[in-house]
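1. Sequence first, then the predicted structure:
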There are 2 protein chains.
Amino acid sequence: MSEAGSASDTSTDVPEDVYVVFTPSGRRGFVPPGTTVLDAARALGVDLDSVCGGRSMCGRCQIQLSEGEFAKFQITSRAEAISPATKSELRYADKRGLKPGRRLGCNAQVLAHCVIDIPPESQVHRQVVRKRAEVRDIEIRPVTHLHYVEVREPDLHDQSSDFRRLCECLREQWPNWGIADDISCDYAVLTTLQKALREGAWKVTVALREGNRVVGVWPGFRERIYGLAVDIGSTTMSGHLCDLATGKVLSSAGTMNPQIRFGEDLMSRVSYVMMNPGGEEEMTRVVREAVNYLATQTAAEIGAGSDEIVDLVFVGNPVMHHLMLGIDPTELGGAPFALTVDTAVELTAAELDLYLHPGARVYALPCIAGHVGADTAAVVLSETPYKNDEITLIVDVGTNAEIVLGNRDHLLACSSPTGPAFEGAQISSGQRAAPGAIERVRIDPATLEPSFQIIGSDRWSDEEGFEESAEEIGGISGICGSGIIEAIGEMFLAGMITTDGVIDRSLAEKSDRIFADGRTFSYRLSETVSVTQTDVRSIQLAKAALYAGARLLMDRRGVDAVDRVVLAGAFGSHIDPKYAMVLGMIPDCDLANVTSVGNAAGTGARIALLNGQARREIEWVVRTIEKVETAVEPRFQEHFVGAMALPHKTDPYARLRAAVKLPEPRSLTGGDGEGGGRRRRRRG
Amino acid sequence: MSEAGSASDTSTDVPEDVYVVFTPSGRRGFVPPGTTVLDAARALGVDLDSVCGGRSMCGRCQIQLSEGEFAKFQITSRAEAISPATKSELRYADKRGLKPGRRLGCNAQVLAHCVIDIPPESQVHRQVVRKRAEVRDIEIRPVTHLHYVEVREPDLHDQSSDFRRLCECLREQWPNWGIADDISCDYAVLTTLQKALREGAWKVTVALREGNRVVGVWPGFRERIYGLAVDIGSTTMSGHLCDLATGKVLSSAGTMNPQIRFGEDLMSRVSYVMMNPGGEEEMTRVVREAVNYLATQTAAEIGAGSDEIVDLVFVGNPVMHHLMLGIDPTELGGAPFALTVDTAVELTAAELDLYLHPGARVYALPCIAGHVGADTAAVVLSETPYKNDEITLIVDVGTNAEIVLGNRDHLLACSSPTGPAFEGAQISSGQRAAPGAIERVRIDPATLEPSFQIIGSDRWSDEEGFEESAEEIGGISGICGSGIIEAIGEMFLAGMITTDGVIDRSLAEKSDRIFADGRTFSYRLSETVSVTQTDVRSIQLAKAALYAGARLLMDRRGVDAVDRVVLAGAFGSHIDPKYAMVLGMIPDCDLANVTSVGNAAGTGARIALLNGQARREIEWVVRTIEKVETAVEPRFQEHFVGAMALPHKTDPYARLRAAVKLPEPRSLTGGDGEGGGRRRRRRG
């Protein structure tokens, strides 16, 4: 019999069973009248949440009757189709509030054909909506779920153990939840179960991991458990505390990576280990302490304890990843850069000296290669290039640039040795992105006069009140990574820099901002900050490395262009894509398809925290990524040389040229960009 | 084509492949000539061991060519059918010895049709032969197996991690060994893998658990790992160290259970916990210390360290089991005697504070019920009543008697409150089984004169030299459990005790060994040791409880007789089955089918240690055992009353009577055994 036909037939025949349609899923079927909406939903495979298992306690199963004629389903859904509010519901509404029209699915009984709507927040696998159009929402499928259980008391006629009765009642009271026949439990649960059951008068809440392992038991009813997503950067670390059921970020905290005292950058930390036997243990200890700090801090912010955190996911580059795991990073400091482990790692929090819930687990996303870490894997999970047809280029810019390229057919990854210039290091007036640093630059091509913005003030330097606002934050202190990129980009667009990166000395006659600085020329942005020829050269080297890495992957992938460019990382979110492309940092692409995605690694960590399937997904993707080592690719050098020019020696950058007026290629030396410095010196 | 036909056809046609028959398995098939015997065996599914993976190092794969005509297989197996000894084999033979005719299976190549014999010690799943006819040999299928691996070195062209290369090489070098595609590893392995690989110059030995988890990695070649089977008794504890590959017991050690200082018996220890909060932690600590002692001691005896033990199995009664696991045993001290856990428990050794190999696991057999522990489960595993058609009754005699009854169709278990009389406690001259204790008694029915043996002397008391040998060990110190049973049994057979258990005062006239002792009469065995009326009563109460428990299970099982009786436990091994039956401790049965099996719990622990499948087997069996609580069974009381008489009020004990001349039933009171004491007092 057809669904709709039977529904309309039976509705006139006073049927035994009633027809229920759930929206938005569209799942439908017959249930005996008097069935609770929660039971009907579980029986029909509809995604309706519950922690208390239908005891009017958690309010997670809220639903709403949709009244009216539903021609599509051939039924009329009337208010009388569900039973009136019960005392328990009224008590719940009094105590915790219930929106008009909302009912507790565990109390409302289906009495006649009806359409019932499950609001998003009542779905087990609810979504966390992400704002950007090009990424999917996060589906919440936490690894650990809370289940309230009323356990049968022991008696002489039933000699089963506390644990067996707990498991039996769990399965009985949570049918259709996919709970395993064979449940195991943590050692900590074993030693505390007896007490918890008696303290809770045989009512407990169980944290069940993957439907088959009890990792926590609390006396009585408990509604929330937390997870922490941690991004371990070389410089800074951040943690986001999430409600594992709703996926909401409840609080966030950041801290400096305390390993900084052993070395500013990764390689100096690896050197520290090489020079100081046992140094890796020290670094492991301090980074774990910092993670403990993030856990305590984020939990305290919502009035919780870090022992309420049952799941933690961390990401980091290979050195951070290995140090957090207590693995000596020395091998990562030299060829062949062998990782100890490149599979995902799952451990107990206790094994990593993290003071979370005794049953807490830690999940580390897999590293991709010796220079391409779990942080890049997390970016891939967040951006899902492996789900799309379009060719995506992901660039995570830092001391090394991690580059991922491809689409659903095939992904490749490599790391490119850009050096720290993009972070403002090795730049004459360079500094970290901090108040007082120049971050935006515009140059009038006619007068060669600059205007700029500094971090901490929203005025441009040629606007009124700029000087006052700059003084408030201690004046102009230098230029940060995004600032130097814009400055050089604007200098190039204004014709001050040639295709091969030489500051044109002849313009010194036109503007005193261009001045001789030893044997080369510099451009003065402000009284204290200038862009020198060496600065330009540093950026050229860095951007050439980045471009060459991307180009190498494009070669291997057999494509000439990319459809989308994603700039990840804190620095990526400050770069104006236009200038990145004017300098030729990234291959030619429609500017509209170049996106800065900020801390995508952190987002990826959060996705893995909230969705167990996403973990399997990224593990599989990472295994299939083709790892390319630039150091052994002869073409890398070739691409590097070509990429020294602005924007590129041979790449026409046609799409950029259509959007931005680029100067005609010109050279003061007649040669190519390579060795320009040496030639210049000869000329100087 | 038929095997034999093709074999003979191809043998005349100079075949491409040669036909190999392995004995004793009978497995056979074709392999390309030049295949090593080891490869041929693995390819044909023949059980041939190896640790080094075919590198002439371990000598585990020894085989022997069987020469001659094999009509059955239609082939002639000649010496030339396998390649001559290699240099590696000669080196091995020089260094470690090789019996005549033996070859290393990894060196010998099959060149022509042949029959190859795999000696028992070369089988992976070799058997440990048990002497008793009624039990199966132990098949060795250890959970953890050693694999020597030569790992590919990392290079820039292969960016896979150390762990991934290890797993890949493991699978490549150990094909057909059922190694999982998805291997995980312990945290301790993760942090030491890098070093082990480099220290071993990329050659390591891996301990692989269940074919899918690396729990240990040693640089270079390693041949042996150990397991420890521990029996935690209330009074004594014992440990047997086994070679996990051969199953051999390499050393054993015993120690007192240090918990004795908190109470002699189980209930006094539970009381200690009730009276002293935190007392359970103290008891857990000391019992774990004792297990550590057993590990250290047994390992030291073979010149090894306890950190070479990778697997430990323990058994014990419910209170010992829970205390070892760190679970408060208080609930086991009172109704409803709820166990916290009755599934098997697998943990890391570290979780139980055991200082074994970092990857060592601990397996605790499941408890059956609140009074029927993992030790009884181990006895069941050792005796396998669930594999037989005959109805077996297993009795583990101690302070409580654990009773298991049934066959392959159905097993039942209960515990019966016998009290400690069988252990010599609550007996006027009673003592533990120790030097000086009377353990064997005979009484001349004509003269009523006794003769006896004491522990520590093999002379009977009426033999010459007895007094001297008794003096050497400090004289006669008392009577132990088996002694009191024989004494009362002999007194009954000599007509000194009536059916209802009264010592016949009228015999005082016949022998001065029977003397008035207050209001009742006693029998003097020696100058210092007598059997009093109260002693008889204590044994009657104990044996009635035991019989009633067994009878209750027989009722539930619907049988009137048992085919076999197994007496387990240290005490069981000292009881003479004849006297046990004369007293009516156990139901009537052919005496030939009553066996004392000694420490079957220890044997069961050893089986679980050596065979992973046995663990699954006993877990399943324990789940299916019907648990009977005597306290809530009305018929228990009824059976108990009937069983107070000697051997029983109504049970005719026909089979016993056919073998032993029993006195005719008689009573001095005319009533039944119940309340005999009171009636006697009225008469006295």
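-> That came through fine.

2. Next, count neighbours for the residue lying closest to A:L241 once chain neighbours are set aside.
-> Spatial nearest neighbour of A:L241, chain neighbours left out: A:T298 (3.7 Å); criterion: C-beta to C-beta, 6 or more residues apart in numbering or on different chains. The C-beta positions use only the backbone N, C-alpha and C, and glycine is treated the same way. For A:T298, the count of nearby residues is 26 (other C-beta atoms under 10 Å in any protein chain shown).

3. And for A:A425?
-> Residues within reach of A:A425, counting by other C-beta under 10 Å, total 16.

4. picking that back up, surely the residue nearest to A:L241 and A:S251 touch.
-> Yes. Taking contacts as C-beta atoms under 8 Å, A:T298 lies within contact range of A:S251: 4.5 Å.

5. okay, and the common contacts of these two?
-> Contact criterion C-beta atoms under 8 Å, 6 or more residues apart in numbering or on different chains; residues shared by A:T298 and A:S251: A:240-241.

6. Tell me the gap between the host helix or strand of A:V115 and the middle of its chain.
-> Secondary structure assignment for A:V115, by DSSP states H and E: strand A:114-117. Relative to its parent chain, strand A:114-117 has a centroid offset of 36 Å by C-alpha atoms, centre = their mean, to the nearest Å.

7. Ok, stretch A:78-88 next?
-> Relative to its chain's centre, stretch A:78-88 lies at 43 Å (C-alpha atoms, centre = their mean).

8. Stretch A:569-583 now?
-> For stretch A:569-583 - counting by C-alpha atoms, centre = their mean - the centre lies 19 Å from the chain centre.

9. Ends of it, what's the gap?
-> Using C-alpha to C-alpha, to the nearest Å, the end-to-end distance of stretch A:569-583 comes to 19 Å.

10. Over to stretch A:527-540?
-> 25 Å.

11. So which residues make contact with that stretch?
-> Stretch A:527-540 has contacts (C-beta under 8 Å, 6+ apart) with A:419, A:421-422, A:426-430, A:438, A:476, A:478-479, A:484-485, A:487-488, A:491, A:497, A:501-503, A:517, A:520-525, A:583, A:644, A:646, A:673, A:676-677, A:680.

12. what does the domain assignment say about chain A?
-> With automatic domain parsing as the criterion, the domains of chain A are listed as A:3-122, A:139-219, A:226-364, A:383-684.

13. and the ones you listed as a markdown table, adding mean pLDDT?
-> As requested, those are exported to a markdown table (pLDDT from 0 to 100):
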| stretch | mean pLDDT |
| --- | --- |
| domain A:3-122 | 87 |
| domain A:139-219 | 95 |
| domain A:226-364 | 95 |
| domain A:383-684 | 90 |
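
14. Please tabulate those domains in CSV, including the columns distance to B:D39.
-> Converted to CSV, the domains of chain A look like this (distance: least, C-beta to C-beta, whole Å):
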stretch, distance to B:D39
domain A:3-122, 51
domain A:139-219, 37
domain A:226-364, 30
domain A:383-684, 30
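
15. Which of the three states applies to the nearest residue to A:N212 once chain neighbours are set aside?
-> In this structure, A:N212 finds its nearest non-sequential neighbour in A:A180, 3.7 Å apart by C-beta to C-beta, 6+ apart. Secondary structure state of A:A180, per DSSP: H, G, I helix; E, B strand; the rest coil, is coil.
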